[in-house]
Each structure stands twice: as structure tokens, then as C-alpha cells.
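*Asks:* need the 3D shape of this:
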Amino acid sequence: MNERMEVIVSGRVQMVMFRDFTQRKATGLKLTGTVKNLKDGTVHVVAEGTKEKLETLLGKLHRGSLLADVEHVSVTWLPATGEFSKFKIAYE
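*Replies:* Next up is the predicted model:
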């Protein structure tokens with residue numbers, strides 16, 4: 001059964017390839033969802049898949065990309081909606 005996690009990552013997570021890193025890791029885990037930068041300097045991740053794969057991605061988000069400095073990760077668990085067909089970077 002699939003689940004959904006919504007994550008806010010703070011620290012030095014913009015302009016350090018964090019969205020690309022997240023997309024590559026999520027796609028490798030066959031998760032669906034989206035990642036985007038927020039105006040307050042954080043990154044918002046929505047991912048759907050099995051709990052085990054989501055927890056694997058969550059661990060990677062705590063470490064971040066090579067140039068990132070992750071200070072805090074906040075996660076909310078919800079039922080999956082099935083609204084995504086792949087994992088993509090959202091640009092606003």
C-alpha cells in the first residue's frame with residue numbers, strides 16, 4: 001500500500017542542486033511526486049510510494065546534495081492520492 005510524505009527541508013538547500021538530487025534519488029526509488037523551492041529558502045518535497053522507499057528517500061533528504069547543508073527536515077505522513085505519474089521538479 002502506498003503512502004504520501006510531505007517534507008520541508010531547511011538550511012542551505014537552494015542553489016546547491018538539491019532539487020536535482022531529490023529528483024534523481026526519488027526516480028531511482030520509483031517514487032512519484034514533486035520537489036520545489038519555496039520563497040522562504042526552504043525546499044518542499046511531496047513523494048508517494050511504499051513506506052520503505054519513502055523512508056529511504058527521507059534519509060537521503062537528511063543528508064542532502066554534496067553542496068547542501070541541511071539543518072532541519074519536517075515530515076508529514078498522509079494517505080497517497082495517486083495524483084502523480086512520475087517525480088518532477090516544479091518551477092514557479
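*Asks:* isn't residue 20 right up against residue 66?
*Replies:* No. Residue 20 lies out of contact with residue 66 (C-beta atoms under 8 Å); the separation is 11.0 Å. All C-beta atoms are positioned from the backbone trio N, CA, C, and that covers glycine.
*Asks:* residue 54 and residue 31 touch, don't they?
*Replies:* Yes. Contact status for residue 54 versus residue 31: in contact at 6.9 Å, counting by C-beta under 8 Å.
*Asks:* in this structure, what residue spans correspond to helices?
*Replies:* Counting by DSSP state H, the chain has helices at residues 18-28, 51-63.
*Asks:* out of those, deepest packed?
*Replies:* helix 18-28 (a mean of 19; mean count of other C-beta atoms under 10 Å).
*Asks:* and the angle from it to helix 51-63?
*Replies:* Here helix 18-28 runs at an angle of 160 degrees relative to helix 51-63 (axes from the mean of the first three to the mean of the last three C-alpha atoms, to 10 degrees).
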